[in-house]
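Colleague: Take a look and give me a structure for this.
(one chain, ligands or ions: 1)
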Amino acid sequence: MSAVAHKPLLATVLGERQERPPIWIMRQAGRYLPEYRELRTKVGGFLELCYTPELAAEVTLQPLRRFPLDAAILFSDILVIPDALGQSVRFAAGEGPLLEPVTAETIGQLQPDRALDHLAPVFETLRRVRAGLTPDKTLIGFCGSPWTVATYMIGGRGSPDQAAARLFALQHPEAFDALIDILVQTSIDYLVAQFAAGADVVQLFESWALNLDDAAFVRQVIEPNRRIVEGVRARLPNAPIIGFPRGAAGNIAAYVAATGVNAVGLDYATPLEFAARHVPAGFTVQGNLDPLRLVAGGAQMEDRARQIIAAFADRPHIFNLGHGIVPETPITHVERLVDVVKNG
Ligand code: CP3
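Modeller: Sure thing, here's the model as predicted:
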C-alpha cells in the first residue's frame, strides 16, 4: 500500500485522466435530501447551521452515505465572507439571501481583521469531515469569487442582471476596487486556512461571470481570481484550485489562460464542441449536465451524460452538473446518474 492514498478526483484536478470520470454534484448537500431537510429543522438560521461544526460536518457527509461520489464539498455558503466582514447577512425562507447593502461610504467599515476568527467553526467542520472520510475521497473547500460575492454585498440580494454592482463598479471605481481588494485578501487567508484544516482542493465559485463586457470581465472576474490563485500559491505552492466562471462563454479561454487555475468548471450553456476547442488540450474540465436533466431523468439524462463523457474523452474530466442541483430532484435520478457515470 502506498503511503498516500489515491484520490481519483484530486488526481484529475492535477491533470491525470482517469478511466471513468470521477464525479461530484454541485450543491450536493442540501434541500433535495430528506435527511438534510430533517436536520435543518433542528437549527434556527441557515448561517447558524454553517457555523455549527458537528451539524455542518454531518450535512457535508450525507450525500456520500447515499451515493458513491468521489468528493465531499464543505457545507457552508459563499456569503459567510460578508458575514465575517461584519456586514448584516440573513437568509429569509423562500427569499434567498438578504444583505444590508454596502455603499461607497460604508466599505471602509468592513472589518477584514476579524474575518478569520469569525470563520473558525468552518475550519473545525473541515477537520471533522476529513476524519469521517475514507482516504480515497477528495475534500473540496470553496469560497465565492470576489465579483460574485460583491454582487450580493452591493445589491443586497441576488438579481438576474447584477445591475447594481455593475453600475457601482463604473460609478465608484475606487470604492469598488477597495472592496475587491478586501475580498481578495480575505479569500486568500480563508482558502489557505481551509487547506490547513484538511481540504484537498478548493473551488472558486464565480456564479455571476455573465453579463460583463470583455473589459469588465478582465477587471471583475479574471484579475481577482488570478490574484487569489497567486496569493494562495505564494503560501502553498502547489495548491489545487478549480475555477467555475458560470456564464464566461467566449471569455473562457482568457479565464483559463490568465487565472492559473488547475481545472475549469463549465456551465451547461457552454457547447461541448466549443469547450473542447477553446480550453487547451490536456487541461482539466469539470461539468456540465443541465440540473433540469437530472430532475427529468430517464433516457435524455443518460444520453446527455454519455455525450458529455465522450466529448471530453481525450482529456482529464470531472463529471458534474453545469450548475447546482435543484431541490425538486428525485433521489433515484441521482442514483442512476452516478451509476451511468461510474459504470457506463
Ligand atoms: O453541497 C453543497 O454544495 C452545499 C454547500 C453550499 C451552499 N451554498 C449551501 C446552501 C455551497 C457550495 C453554496 C454556494 C453558493 N451559495 C453559491 C455558488 C453556487 C451557485 O449555486 O451558484 C451561491 C451563489 C450562494 C448564495 C446562496 N446561498 C443563495 C442564492 C441561496 C438561496 C438559494 C439557494 O440556492 O438555495 C443560498 C442558501 C443556501 N446555501 C442553501 C444551501 C443548502 C439553502 C438554505 C436552506 O437550507 O434554507
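
Colleague: Count the residues that sit near residue 193.
Modeller: Other residues within reach of residue 193, judged by other C-beta atoms under 10 Å, total 17. Placement of C-beta: from N, CA and C, glycine included.

Colleague: Could you confirm it falls within a helix?
Modeller: Yes. Secondary structure of residue 193 (DSSP: H, G, I helix; E, B strand; the rest coil): part of a helix.

Colleague: Spit out the contact partners of it.
Modeller: Neighbour list for residue 193: 116, 119, 123 [criterion: C-beta atoms under 8 Å, 6 or more residues apart in numbering].

Colleague: And those, which is closest to the ligand?
Modeller: residue 119 (14.6 Å; C-beta to the nearest ligand atom).

Colleague: For burial, what's the neighbour tally of the closest one?
Modeller: By other C-beta under 10 Å, 23 other residues sit near residue 119.

Colleague: do residue 51 as well
Modeller: Residue 51 sits with 21 neighbouring residues when counted by other C-beta under 10 Å.

Colleague: rewinding a little: would CSV of the contacts of residue 193 with distance to residue 262 be doable?
Modeller: Shown next, in CSV, are those (distance: C-beta to C-beta, whole Å):
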residue, distance to residue 262
116, 25
119, 24
123, 22
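
Colleague: So which bits of the stretch 151-300 of the chain are right by the ligand?
Modeller: For the stretch 151-300 of the chain, the contact set with the ligand under C-beta under 6 Å from any ligand atom comprises 158, 205, 207.

Colleague: which element is residue 164 on?
Modeller: Assessed by DSSP states H and E, residue 164 sits inside helix 163-171.

Colleague: residues making contact with that helix?
Modeller: By C-beta under 8 Å, 6+ apart, helix 163-171 touches 101, 104, 147, 150-151, 153-156, 175-176, 211-212, 216, 219-220.

Colleague: wait, which of the residues you listed is closest to the ligand?
Modeller: The ligand lies nearest to residue 151 out of the contacts of helix 163-171, by C-beta to the nearest ligand atom, at 8.9 Å.

Colleague: does the closest one sit in a helix, a strand or a coil?
Modeller: Recorded secondary structure, residue 151: helix (three-state DSSP).

Colleague: And for it, the neighbour number?
Modeller: By other C-beta under 10 Å, the residues close to residue 151 number 26.

Colleague: Just send the contacts of residue 193 back as CSV, with pLDDT and secondary structure too.
Modeller: Formatted as CSV, the contacts of residue 193 follow (pLDDT from 0 to 100; DSSP: H, G, I helix; E, B strand; the rest coil):
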residue, pLDDT, secondary structure
116, 98, helix
119, 98, coil
123, 98, helix
